[in-house]
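Q: Whatever this is, show me its structure:
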Amino acid sequence: MERPPEFDDVEVLGLDENEKEEELMQEIGSERRRQVLEVTGNSASKKLKVLPPQSSKGPIDCYFSPRPTVMGKNIRQTTIDENSLAKNELRERACVAIARWMYDVGIAFNAVNYDSFGEMIQAIENYGREIKPPSFHEGSVFIKSVDASDESKTAALLASLIEKELMEISLEKVVQVVKYNASNNVAAGRILEANFPHLYWTPCAAHCIDLMFEDIFKIHVFKETFRKAVELTGFIYGSSGVLNMLQKFTNGVELLRPGQTRFATAFITLGRIHLQKANIRKMFTSESWTTSKWAKEVKGKKCERTILSPAFWNHVVYALKVSGPLVRVL
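A: Sure, this is the predicted structure:
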């Protein structure tokens, strides 16, 4: 039996008026295509127009797995062997992708034995290939907050507050408590570890790095460089006129950008100042600046000397080389 032609634009002539449209659709159709029959002229002439299938799902589809597709009449059927080979190949690719992810994050292989793992796979299948992976913040859950602003933040108080939450959540479900490195937090962690031997207190990595930044700020050369950078950005952003003037030279690029922590923000701002070094120098040496009222102000003159000082830019590069690895880790 010959394979049917492609029905992209087919003229069907001489159809019997009493012939059912469903039989015509079965003869030429497949559930992989949505077919629309348009009647043009008299009943002796009909035009068949084939459109792509709809891929949208209705609300009820959320509760059922997709059913296998049934091939249409007179269309070449995919054999069981071919289908099995394709399925095996797709499954192998999926298993490799899952395994690579487990290698990257260090997940134990027996994690796949949990019922929740199978439920996750089933949920992904039910949604379909268009699913968007969850973000970092979608994986965390906020339980509650406690207002302790009117009490002294002693180690005993912090330990008691955390212990209360541990009891509500269930001890067997908690193995780690992450807190800042302040002395009272460290002492609270020691109390919790003594009361619950299975529990681990872990210092916040971001806070550790932030404390390292704070120590770097204490070095004289960095302290002076940061102070001058703060004066520069404060002067520029303190006047809309100066800010508008600078943005014409930087094509709208901002010098300030918030970071994960206060000290990281300062280093990131230094980096943006360095990237715009040429444009900032152009502004402070342009006629627009020299003829402006801000060039005659004390703060303006001070910022101009800073920008035109080779030593300032050398120290900026020095600071960025020291802080760069820490910023990337943070």
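Q: Going by C-alpha atoms from here, please, whenever you check contacts or count neighbours.
A: Will do.
Q: quick one: which helix or strand includes the spatially most central residue of the chain?
A: Nearest to the mean C-alpha position of the chain, by C-alpha atoms, centre = their mean, lies residue 135 at 5.2 Å. Secondary structure from DSSP states H and E places residue 135 outside every helix and strand.
Q: Ok, residue 320 next?
A: Assessed by DSSP H and E, residue 320 sits inside helix 310-329.
Q: what comes up buried for that helix?
A: Residues 312-313, 315-316, 319-320, 323, 326-327 are the ones in helix 310-329 that count as buried (16 or more other C-alpha atoms under 10 Å).
Q: cool, and stretch 158-177?
A: Result for stretch 158-177 [16+ other C-alpha under 10 Å]: buried residues 158-159, 163, 166, 177.
Q: mind putting those residues in JSON lines, secondary structure included?
A: As requested, the buried residues of stretch 158-177 are exported to JSON lines (DSSP: H, G, I helix; E, B strand; the rest coil):
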{"residue": "158", "secondary structure": "helix"}
{"residue": "159", "secondary structure": "helix"}
{"residue": "163", "secondary structure": "helix"}
{"residue": "166", "secondary structure": "helix"}
{"residue": "177", "secondary structure": "strand"}
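Q: Throw these into TSV and include distance to residue 212 and pLDDT, thanks.
A: Listed next are the buried residues of stretch 158-177 as TSV, based on distance: C-alpha to C-alpha, whole Å; pLDDT from 0 to 100:
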residue	distance to residue 212	pLDDT
158	25	89
159	26	89
163	30	89
166	31	88
177	22	86
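Q: Return the member of these nearest to residue 298.
A: residue 158 (49.3 Å; C-alpha to C-alpha).
Q: Please tell me how far that closest one sits from residue 241.
A: To residue 241, residue 158 is 49 Å away according to C-alpha to C-alpha, to the nearest Å.
Q: Check residue 202 too.
A: From residue 202 to residue 241 the distance is 48 Å (C-alpha to C-alpha).
Q: Can you read off the backbone torsions of the nearest residue to residue 199 once chain neighbours are set aside?
A: The spatial neighbour of residue 199 that comes closest, neighbours along the chain excluded (C-alpha to C-alpha, 6 or more residues apart in numbering), is residue 175 at 4.9 Å. Phi and psi for residue 175, reported as degrees, to the nearest 10, are phi -130, psi -10.
Q: got it, and residue 277?
A: phi -50, psi -50.
Q: ok, now residue 239?
A: Backbone torsions for residue 239, taken as degrees, to the nearest 10, come to phi -130, psi 120.
Q: Count residues in the vicinity of it, would you?
A: 11 (other C-alpha atoms under 10 Å).
Q: For the chain, which segments count as strands?
A: In the chain, the strands defined using DSSP state E lie at 9-13, 34-39, 45-51, 176-179, 200-203.
Q: The last one - contacts with which helices or strands?
A: Applying 3 or more C-alpha pairs under 8 Å, 6 or more residues apart in numbering; DSSP states H and E, one finds that strand 200-203 contacts strand 176-179, helix 183-195.
Q: Now the weakest link among these, please, by mean pLDDT.
A: Ranked by mean pLDDT, the helices and strands packed on strand 200-203 bottom out at strand 176-179, with a mean of 85.
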